[in-house]
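Colleague: fold the stuff below for me.
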Amino acid sequence: MTFAVKKPITTEAEYQSALQELEPIFDASPNTPEGHKAELLSILIEAYEDKQYPIPESDPIEAIKFRMDQMNMKSKDLGEIIGFKERASEILNRKRKLTLPMIRKISSKLNIPTAVLVKEYQIIK
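Modeller: This is a model prediction of the structure:
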């Protein structure tokens, strides 16, 4: 099935067809018919994915853990960043809240937006 770029993608079949159609023209040069079609397909595919497969916002601790995992970091590495080695474990185990100075350091060193780090999250008592 060939997907015609005429309307938003609304079904899984249209989505799969659009993916197949995009694959051979993905690296097309800009300002060419194939390049324009690739750009339009990409926009439609992204819109469908955002609607059908939304990524839930993670809380600050999950974001930190995810980034630490990507960077092969341990709790002691986080402790070195925030300046309190013993606090890193408490933070990762949700026993202590992040402070503003910690948020600034973590944002800078782990490249996590401060908007993510300042969100509310549950503390375990």
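
Colleague: what about this protein, any weak spots by pLDDT?
Modeller: 1-5, 55-56 (pLDDT under 70).

Colleague: now do the helices in it.
Modeller: 12-22, 33-52, 60-70, 75-82, 85-92, 100-110, 114-117 (DSSP state H).

Colleague: how many neighbours does residue 98 have?
Modeller: 19 (other C-beta atoms under 10 Å). In short, each C-beta sits where N, CA and C put it, glycine included.

Colleague: what's it in contact with, if anything?
Modeller: 60, 91, 106, 117 (C-beta atoms under 8 Å, 6 or more residues apart in numbering).

Colleague: now distance to residue 6 too, for the helices of the chain, in a markdown table please.
Modeller: Below are the helices of the chain laid out as a markdown table (distance: least, C-beta to C-beta, whole Å):
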| stretch | distance to residue 6 |
| --- | --- |
| helix 12-22 | 11 |
| helix 33-52 | 10 |
| helix 60-70 | 38 |
| helix 75-82 | 50 |
| helix 85-92 | 49 |
| helix 100-110 | 43 |
| helix 114-117 | 37 |
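
Colleague: dump these to a markdown table, plus mean neighbour count.
Modeller: Shown next, in a markdown table, are the helices of the chain (neighbours: other C-beta atoms under 10 Å):
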| stretch | mean neighbour count |
| --- | --- |
| helix 12-22 | 16 |
| helix 33-52 | 14 |
| helix 60-70 | 16 |
| helix 75-82 | 17 |
| helix 85-92 | 17 |
| helix 100-110 | 16 |
| helix 114-117 | 16 |
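
Colleague: stretch 74-87: end-to-end distance?
Modeller: Terminal residues of stretch 74-87 lie 13 Å apart, using C-alpha to C-alpha, to the nearest Å.

Colleague: repeat for stretch 89-100
Modeller: Per C-alpha to C-alpha, stretch 89-100 runs 18 Å from first to last residue.

Colleague: and what of stretch 112-122?
Modeller: 19 Å.

Colleague: just give the number of residues close to residue 118.
Modeller: Quick note: residue 118 (other C-beta under 10 Å) scores 12 neighbours.

Colleague: excluding chain neighbours, give the residue nearest to it in space.
Modeller: Distance criterion C-beta to C-beta, 6 or more residues apart in numbering; nearest residue to residue 118, sequence neighbours excluded, is residue 103 at 6.2 Å.
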